[in-house]
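> Compute the structure for the input listed below.
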Amino acid sequence: MKSLYDISAPAKLNLFLHITGQRSDGYHLLQSVFMLIDWCDTLHFDLRQDGQLSREDLSIPLPADDLVIRAARALQAASRCPLGAHIGIEKRIPAQAGMGGGSSDAASTLLALNRLWKLNYSLEKLAQIGLTLGADVPFFLAGHNAWVEGIGEKISPINLVSSQFLVVKPPEGLETKLIFRDPLLKRESRTAIISGYAADAFSYGKNDLQSVAQKLCPDVTKALNWLESLGLSGRMTGSGSAVFARVLQDISLKSAPSNFQIRLCNNLAAHPLVGWASSERLSVDNF
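Okay, here's the model as predicted:
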């Protein structure tokens with residue numbers, strides 16, 4: 001095997017996001033449901049025999065030391081693999097959106113290079129590497145919609161009915177650190193349980209970061225107001241500026257703000273690369 005092309009890296013939406021506390025090391029404790037959607041980046045991998053890692057941006061320019069290169073470097077170092085790769089990235093998921101695009105790219109890179117380099121690493125071993133890159137990476141490696149807790153490392157797969165969502169990304173993004181450093185951020189949501197969530201899956205809870213985000217980025221409010229004008233109940237996903245709403249009937253997008261990225265998405269039952277490593281499920285005991 002010398003190449004792996006058209007490798008998908010799907011985005012996620014946070015159906016809710018509660019901040020339940022903060023650890024002594026500064027990391028915030030959360031509860032959320034992460035849902036995979038069909039808004040995807042696409043990656044291409046060519047084997048290099050010289051051990052070098054190189055990247056080609058096939059759509060928009062990316063930072064030199066992005067999560068794809070960092071993931072490849074981390075796997076190469078952990079495995080002491082003498083091989084390298086040339087990686088092409090067709091970037092479609094917007095940055096600073098709260099949709100996990102960078103983390104998803106990193107997860108797909110770990111899975112693809114594990115196969116291209118014939119490392120045969122287990123999913124658990126890849127997840128240990130992934131967690132050093134970002135708290136969302138183990139979720140994308142696990143490959144299923146999930147109830148997520150802790151700092152993002154405690155993952156319990158869940159099933160969600162097939163649904164459609166309208167996702168709206170304002171032109172301005174949001175930096176996660178600005179939201180979590182804001183003194184107005186509430187960090188005291190009550191701890192929930194999965195059974196309490198399941199009865200009201202798509203409208204449960206709220207995003208505790210949303211009010212701070214609306215203060216920092218007025219376009220978040222503009223996007224939410226536009227969804228409301230369509231008769232939709234929207235909320236923000238993650239810590240970025242994108243918002244979304246579940247869609248149950250045909251809607252017209254003619255009134256959409258011209259400079260916003262807007263897409264009708266379907267949720268995914270599983271990640272396109274599920275099963276690419278030797279375990280189908282991550283256990284919290286592995287972290």
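> Now do the same contact list for Asp66.
Listed by CB atoms under 8 Å, 6 or more residues apart in numbering, the contact partners of Asp66 are 55, 102, 105. C-beta here means a position set from N, CA and C on the backbone, and glycine is covered the same way.
> Now do the helix or strand harbouring Thr42: which elements does it pack against?
In the assignment (DSSP states H and E), Thr42 maps to strand 28-48. Applying 3 or more CB pairs under 8 Å, 6 or more residues apart in numbering; DSSP states H and E, one finds that strand 28-48 makes contact with strand 3-22, strand 84-90, helix 101-116, strand 146-150, strand 164-169, strand 261-266.
> can you redo these as CSV with mean neighbour count, distance to Leu273 and mean pLDDT?
Formatted as CSV, those follow (neighbours: other CB atoms under 10 Å; distance: least, CB to CB, whole Å; pLDDT from 0 to 100):
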stretch, mean neighbour count, distance to Leu273, mean pLDDT
strand 3-22, 21, 7, 96
strand 84-90, 20, 15, 98
helix 101-116, 26, 5, 98
strand 146-150, 21, 15, 93
strand 164-169, 22, 22, 98
strand 261-266, 16, 18, 96
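> Quick check: which of the ones you listed is nearest to Cys217?
strand 164-169 (11.2 Å; CB to CB).
> List the neighbouring strands of that closest one plus their orientation.
strand 243-247 (antiparallel), strand 261-266 (antiparallel) (DSSP bridges).
> how near is the nearest residue to Gly238 once chain neighbours are set aside to Val220?
Residue nearest to Gly238 in three dimensions, not counting chain neighbours: Gly98, with 2.6 Å by CB to CB, 6 or more residues apart in numbering. Applying CB to CB, to the nearest Å, the value for Gly98 to Val220 is 10 Å.
> Low-confidence regions, the stretch 101-250 of the chain specifically.
Across the stretch 101-250 of the chain, residues meeting the criterion (pLDDT under 70) sit at 199.
> ok, now with 90
Where the stretch 101-250 of the chain drops to pLDDT under 90, the residues are 135, 150-154, 176-177, 180-184, 186-188, 190-201, 203, 249-250.
> Show me where it has its helices.
For the stretch 101-250 of the chain, the helices defined by DSSP state H, counting those that start in this stretch cover 101-116, 123-133, 137-142, 176-180, 194-198, 210-216, 218-229.
> Minimum distance to Ala242: which of the ones you listed has it?
Nearest to Ala242 among the helices of the stretch 101-250 of the chain is helix 218-229 (7.9 Å), distances taken as CB to CB.
> helices or strands up against that closest one?
strand 164-169, helix 210-216, strand 235-236, strand 243-247.
> in stretch 153-172, what's buried?
153-156, 158, 160, 164-170 (16 or more other CB atoms under 10 Å).
> what about it, start to end distance?
End-to-end distance for stretch 153-172, by CA to CA, to the nearest Å: 28 Å.
> How far does that stretch sit from its chain's centre?
Counting by CA atoms, centre = their mean, to the nearest Å, stretch 153-172 is centred 9 Å from the centre of its parent chain.
> ditto for stretch 260-267
With CA atoms, centre = their mean as the basis, stretch 260-267 stands 15 Å off its chain's centre.
> before we move on, what about stretch 64-72?
Here the centre of stretch 64-72 is set off from its chain's centre by 16 Å, with CA atoms, centre = their mean.
> Just the CA atoms of that stretch, as PDB, please.
Once non-C-alpha atoms are left out, stretch 64-72 reads as follows in PDB (Å, rounded to 0.1, in the frame of the first residue of the first chain):
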ATOM      1  CA  ALA A  64       2.400  25.400   9.100                       C
ATOM      2  CA  ASP A  65       2.200  23.300  12.200                       C
ATOM      3  CA  ASP A  66      -1.400  22.300  12.100                       C
ATOM      4  CA  LEU A  67      -3.000  19.300  13.900                       C
ATOM      5  CA  VAL A  68      -2.500  17.000  10.900                       C
ATOM      6  CA  ILE A  69       1.200  17.400  10.900                       C
ATOM      7  CA  ARG A  70       1.300  17.300  14.700                       C
ATOM      8  CA  ALA A  71      -0.700  14.100  14.700                       C
ATOM      9  CA  ALA A  72       1.600  12.500  12.100                       C
END
